[in-house]
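S.K.: sequence plus predicted model, see below.
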Amino acid sequence: MSFEVLAVLFVLSGFFMKFSDDAYDVSNNKFLASIFGIICGVVTGIATILSGDAACIFIGILVGNLLAFKIDGIHHIITLVVFLVIALILGIPGFSIIALVFCIVSAFVDEVGHDFISKKSSNKVVNLFFEYRFTMKVVILLLAIFQIFSFWIFICFILFELAYLFGEFAYQKII
């Protein structure tokens, strides 16, 4: 799989994931949130069928968010359905179950930490760590260092995260 294609898919996924969330949470626009969610589901689904490492990451994010009760709007359900239809019909490549477990746990810790720890702690480092959801970044870096994931997938994930942050900035400026 071409790194460049995966990188573009990760960037689009992060950007549209944030646009979908902000359309729902900030503007209360369920229609727009759903449209962006469909786009996010498509690009995330395509990345998932093209790379086992991407599958671990995106399935990990999905399950981690489900466990943290963060699937909280129609836009999330639509995104989930689009993602699952693409992944299940076109097939998910093989991947490490252990890596998937680490991705699920780290996504869950990031969501719980973001909602609770970053708002309760007076420690600036802890607040920043959970505000910007660093648990999964560290886990994916470790999986790359131990050669369970490709190092390029770590780069793709960082691009996903940067696109997510840019999506927040862009949404505020555009909408």
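M.R.: Thanks, I have the structure now. Numbers count the residues shown, from 1 in each chain.

S.K.: hey, let's count contacts and neighbours off CA atoms from now on
M.R.: Noted.

S.K.: sec struct for the residue located most distally from the centre of the chain, please.
M.R.: Most distant from the centre of the chain: Ser122, at 27.0 Å, with distances by C-alpha atoms, centre = their mean. Judged by DSSP: H, G, I helix; E, B strand; the rest coil, the three-state class of Ser122 is coil.

S.K.: what sits closest to the residue nearest the centre of the chain if chain neighbours are left out?
M.R.: The chain has Ile61 as the residue nearest its centroid, 5.3 Å off, counting by C-alpha atoms, centre = their mean. Leaving aside its sequence neighbours, Ile61 sits nearest to Ala107 (C-alpha to C-alpha, 6 or more residues apart in numbering; 5.4 Å).

S.K.: ok, the one you found - contacts?
M.R.: Contact partners of Ala107, counting by C-alpha atoms under 8 Å, 6 or more residues apart in numbering, are 60-61, 64-65, 135-136.

S.K.: repeat that for 6 Å
M.R.: Ala107 sits next to 61, 64, 136 when contact means C-alpha atoms under 6 Å, 6 or more residues apart in numbering.

S.K.: measure the nearest residue to Leu67 once chain neighbours are set aside to Arg133 for me?
M.R.: Taking C-alpha to C-alpha, 6+ apart, and ignoring the residues beside it in sequence, Leu67 has Phe108 as its nearest neighbour in space, at 6.7 Å. The gap separating Phe108 from Arg133 is 10 Å, by C-alpha to C-alpha, to the nearest Å.

S.K.: the two: which has the busier surroundings?
M.R.: Phe108 (26 against 22; other C-alpha atoms under 10 Å).

S.K.: quick check: phi and psi on the more buried one?
M.R.: phi -60, psi -50 (degrees, to the nearest 10).

S.K.: the residue nearest to Leu67 and Ser34, how far apart?
M.R.: Going from Phe108 to Ser34 by C-alpha to C-alpha gives 23 Å.
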